[in-house]
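I would like the atomic coordinates for the input below:
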Amino acid sequence: MAVADTLSGLLAPLDHQLFLLGQDAVTAAELLGFATGAVCVWLCVRASAWNFPVGIANNLFFLVLFWGARLYAGAALQVVFLLLAAHGWYRWLRGGAGRAERAMGRATPAGLVVVTGLVVPATAVLTVVLGRAGDSAPFWDALTTALSLAAQWLLNAKQVENWYFWIAADLVYIPLYAAKSLVLTAVVYVLFLAMCGVGLRSWYRAMAGNSRAVVAA
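Next up, the predicted model:
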């Protein structure tokens, strides 16, 4: 009980309402999630490994936010993302040949089939689990969770196809958060969606440039 009370006390400032945006009582956690999330995606667009530590901070803020909104899969996803971010950070910096920085690339057809195929059963299982747990939007929460995990796995491998999965997830996240009156978070994901388009184009250009450099060499 003492530990729980201490944790609640530490998290209380993040749950503090800062202002109203429509029906959304914007808290410190939501505002900080907005800021760190935007920076994280921008760093991904630039293919910077710093997206991972910034992403870890973003996970912590959204964990507090989603738990309060009873989006339990979204909250649990932040814990998984935190662990995946640590894995991805290491993989980007030391996952290349000779433990050098990992190069940007594409997923294999077989790898994409596996990742895409896992989204369906993951969504089905999570929908049942979350429905029993009292999640407020079990199917949509499960679907975005599965898509986001697939996207993060491909991002950790520095594979350009990660952007397609992020785009699919964002197209669901936006109306989901708007329906939950998390207006600022919905706006964040509109921004994320636009940045995903920029990131997809930027990564393809970078890969094309690298290919020309290799041929020229």
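
in stretch 44-59, which residues are buried?
Of the residues in stretch 44-59, Cys44, Val45, Ala49, Asn51, Phe52, Val54, Gly55, Ile56, Ala57, Asn58, Asn59 count as buried by neighbour count, 16 or more other Cβ atoms under 10 Å. For every residue, glycine as well, the C-beta is placed using N, CA and C.

so the second one sits against Phe192, correct?
In this case it means Val45. No - contact criterion Cβ atoms under 8 Å: Val45 and Phe192 do not qualify, at 10.6 Å.

picking up where we left off before, tabulate the buried residues of stretch 44-59 (a markdown table), appending secondary structure and distance to Glu30.
As requested, the buried residues of stretch 44-59 are arranged in a markdown table below (DSSP: H, G, I helix; E, B strand; the rest coil; distance: Cβ to Cβ, whole Å):
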| residue | secondary structure | distance to Glu30 |
| --- | --- | --- |
| Cys44 | helix | 21 |
| Val45 | helix | 23 |
| Ala49 | coil | 26 |
| Asn51 | helix | 20 |
| Phe52 | helix | 22 |
| Val54 | helix | 17 |
| Gly55 | helix | 17 |
| Ile56 | helix | 18 |
| Ala57 | helix | 14 |
| Asn58 | helix | 11 |
| Asn59 | helix | 14 |
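
which of the residues you listed lies closest to Val26?
Checking the buried residues of stretch 44-59 against Val26 by Cβ to Cβ gives Asn58 as the nearest, at 16.1 Å.

roughly how far does the closest one sit from Leu149?
16 Å (Cβ to Cβ, to the nearest Å).

for this structure, which spans come out with low pLDDT?
1-25, 73-74, 211-217 (pLDDT under 70).

in what helix or strand does the residue nearest the centre of the chain lie?
The chain has Ser148 as the residue nearest its centroid, 5.8 Å off, counting by Cα atoms, centre = their mean. Per DSSP states H and E, Ser148 falls inside helix 138-156.

same for that helix, what does it pack against?
helix 72-94, helix 109-132, helix 162-179 (3 or more Cβ pairs under 8 Å, 6 or more residues apart in numbering; DSSP states H and E).

residue contacts, the spatially closest residue to Val188 that is not a sequence neighbour?
Distances taken as Cβ to Cβ, 6 or more residues apart in numbering place Phe34 nearest to Val188, at 4.8 Å, with adjacent residues excluded. Listed by Cβ atoms under 8 Å, 6 or more residues apart in numbering, the contact set of Phe34 reads Leu184, Thr185, Val187, Val188.

repeat that with 10 Å
Val26, Asn58, Phe61, Phe62, Leu65, Leu184, Thr185, Val187, Val188, Tyr189, Leu191 (Cβ atoms under 10 Å, 6 or more residues apart in numbering).
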